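Undergrad: using only what follows, build the 3D model:
(one chain, ligands or ions: 2)
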Amino acid sequence: MSRPVDVPGLVAQARDGRPGAVARLISLVEDAHPALREVMAALAPDTGRAAVVGLTGAPGVGKSTTTSALVGELRKAGRRVGVLAVDPSSPFSGGALLGDRVRMQEHALDDGVYIRSMATRGHLGGLSWATPHALRVLDAAGCDVVLVETVGVGQSEVDVAALADTTVVLLAPGMGDGIQAAKAGILEVGDVLVVNKADRDGADATVRDLRHMLGLGERRAPGDWRPPVVRAVATTGEGLPAVVEALDKHRAWLAEDGRLERRRARRAAGEIEAIALTALRGRIGDLRGGRLLGDLAAEVVAGRADPYTAADHLLANLANPSGGAHLVERGDHAR
Ligand SMILES: Nc1nc2c(ncn2[C@@H]2O[C@H](COP(=O)(O)OP(=O)(O)OP(=O)(O)O)[C@@H](O)[C@H]2O)c(=O)[nH]1
Ligand SMILES: [Mg+2]
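TA: Numbering: from 1, shown residues only. Ligands and ions are numbered 1, 2, ... in the order given. Sure, this is the predicted structure:
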């Protein structure tokens with residue numbers, strides 16, 4: 001499966017913004033390819049420039065349409081844009097996101113735009129390291145802004161916020177969207193709130209509700225960020241300049257007082273932890289020819305050991321795999 005990869009060559013091409021190389025590198029991420037370690041090492045010096053913007057919101061609220069409109073707006077200003085459409089519910093690329101790709105086709109021939117769908121379900125921990133790795137690739141490839149859209153499922157809203165420098169929460173008029181978002185804790189992660197579909201009835205009421213809710217939750221110190229509520233019609237591009245302005249303002253606010261560095265340090269810590277945990281799981285799986293965990297589980301099921309003792313045993317074997325201590329021989333299960 002893992003055919004040899006010319007990492008230095010690919011990385012050099014990606015740094016020049018060559019789409020084929022960027023695509024190949026992100027595929028390596030999706031495949032959890034063994035060459036990733038070398039890829040990430042080679043990319044590291046070129047990362048840290050891109051502004052990462054996450055877009056989230058309920059299904060159908062207009063995330064993809066807004067992403068596409070944002071690309072158009074950012075391109076007017078000559079900025080290089082990456083788009084990562086992340087589907088945490090699917091192990092396949094494309095699929096659910098195919099429709100989005102079609103919509104994105106107006107940007108397909110623009111070499112200042114790189115668009116990619118990515119499936120992350122194949123990985124333990126879902127988004128946990130695949131998306132940050134793909135962000136590194138796009139960052140090193142010279143994207144000024146990377147837009148990350150997730151399919152609106154469950155916790156992914158909050159996950160995407162943990163990855164982004166700036167999180168855009170999209171809402172639409174009606175359906176008590178604002179209230180639902182507040183309940184789900186989505187409003188808290190929003191640095192910019194966009195009321196999309198403002199061409200529909202009820203947009204004013206939704207904006208008012210949101211401002212009210214944000215006011216209620218307010219315990220802000222001077223200098224704290226106040227999430228602006230911006231009205232937009234993604235299908236026509238109306239309001240999109242105001243969205244970009246809000247993103248830039250948030251970016252400028254982040255640049256003060258080391259906020260951006262702190263956010264990124266938190267993100268890097270999560271990424272390191274995710275890699276370490278994945279490695280740890282792999283090592284646990286490999287213990288005693290891949291049988292130790294199963295053997296211990298059988299002991300626990302049979303009532304000959306408790307799960308804590310079994311876990312201690314697993315950890316002891318990790319620290320000293322050749323130690324050869326056996327749970328049963330040690331008599332930990334005495335009963
Ligand atoms: N009237 C109106 N329709 C919109 C607007 N923005 C998006 N739509 C429509 O709403 C539908 C859903 O838009 P998408 O952009 O696919 O929404 P999404 O949030 O990406 O949806 P999922 O990826 O399925 O969660 C499409 O039919 C869009 O054309 C808008 O501002 N006004
Ligand atoms: Mg979509």
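
Undergrad: near ligand 1 at all, the host helix or strand of Asp204?
TA: Per DSSP states H and E, Asp204 falls inside helix 203-216. No: judged by Cβ under 6 Å from any ligand atom, helix 203-216 and ligand 1 are separated, with a smallest distance of 9.5 Å. In this view, the C-beta of every residue, glycine as well, is placed from N, C-alpha and C.

Undergrad: I'd like to know which elements that helix is packed against.
TA: Applying 3 or more Cβ pairs under 8 Å, 6 or more residues apart in numbering; DSSP states H and E, we find helix 203-216 packed against helix 177-183, helix 186-189, strand 192-195, strand 229-231.

Undergrad: can you flag the weakest of these by average pLDDT?
TA: When mean pLDDT is averaged over each of these, helix 177-183 scores lowest at a mean of 61.

Undergrad: what helix or strand does the residue nearest to Ala50 when sequence neighbours are not counted sit in?
TA: Counting by Cβ to Cβ, 6 or more residues apart in numbering, the nearest residue to Ala50 once its immediate chain neighbours are dropped is Asp139, at 4.0 Å. According to DSSP H and E, Asp139 maps onto helix 127-140.

Undergrad: beta partners for Val194?
TA: Leu170, Val230 (DSSP bridges).

Undergrad: residues near it, how many?
TA: 30 (other Cβ atoms under 10 Å).

Undergrad: need phi/psi at whichever residue of the chain sits closest to ligand 2.
TA: Relative to ligand 2, the nearest point of the chain is Ser64 (3.3 Å; Cβ to the ion). Phi and psi for Ser64, reported as degrees, to the nearest 10, are phi -70, psi -40.

Undergrad: strands of the stretch 1-150 of the chain, start to end?
TA: Taking DSSP state E, counting those that start in this stretch as the criterion, the stretch 1-150 of the chain carries its strands at 51-57, 81-87, 113-119, 145-150.

Undergrad: hmm, stretch 237-244 in reach of ligand 1?
TA: No: legend: contact between stretch 237-244 and ligand 1 by Cβ under 6 Å from any ligand atom is lacking; minimum distance shown is 7.8 Å.

Undergrad: how about the nearest residue to Cys143, chain neighbours excluded?
TA: Gly82 (3.7 Å).

Undergrad: ok, that neighbour - contacts?
TA: Neighbour list for Gly82: 50, 113-116, 138-139, 141, 143, 145-147 [criterion: Cβ atoms under 8 Å, 6 or more residues apart in numbering].

Undergrad: could you do Trp129 as well?
TA: Contacts of Trp129 (Cβ under 8 Å, 6+ apart): 123, 271, 274-275, 278.

Undergrad: which one of those residues is nearest Leu287?
TA: Thr278 (15.7 Å; Cβ to Cβ).

Undergrad: helix or strand: which one has that closest one?
TA: With DSSP H and E as the criterion, Thr278 is inside helix 259-290.

Undergrad: mean confidence (pLDDT) on the helix or strand following that helix, please.
TA: Next in sequence after helix 259-290, counting helices and strands by DSSP H and E, comes helix 292-301. Helix 292-301 carries an average pLDDT of 96.

Undergrad: now do stretch 133-150
TA: 93.

Undergrad: now swap in stretch 319-328 and tell me
TA: 64.

Undergrad: got the end-to-end distance for stretch 232-242?
TA: 8 Å (Cα to Cα, to the nearest Å).

Undergrad: which residues touch it?
TA: 62, 65-66, 68-70, 72-73, 194-199, 230-231, 243.

Undergrad: only the buried subset of these, as a ChimeraX command please.
TA: The buried subset of the contacts of stretch 232-242, as determined by 16 or more other Cβ atoms under 10 Å, is captured in ChimeraX by this line:
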select :62,65,66,68,69,70,72,73,194,195,196,197,198,230,231,243
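
Undergrad: what is the least confident helix or strand in this structure?
TA: Every helix and strand in the chain was compared by mean pLDDT, DSSP states H and E; the lowest is helix 98-103, with a mean of 48.

Undergrad: my read: Asp191 touches Arg226, true?
TA: No: the pair Asp191 / Arg226 is not scored as a contact, 9.9 Å apart, by Cβ atoms under 8 Å.

Undergrad: neighbour count: those two, which is higher?
TA: Each of Asp191 and Arg226 has its neighbours counted (other Cβ under 10 Å); Asp191 has more, 24 against 11.
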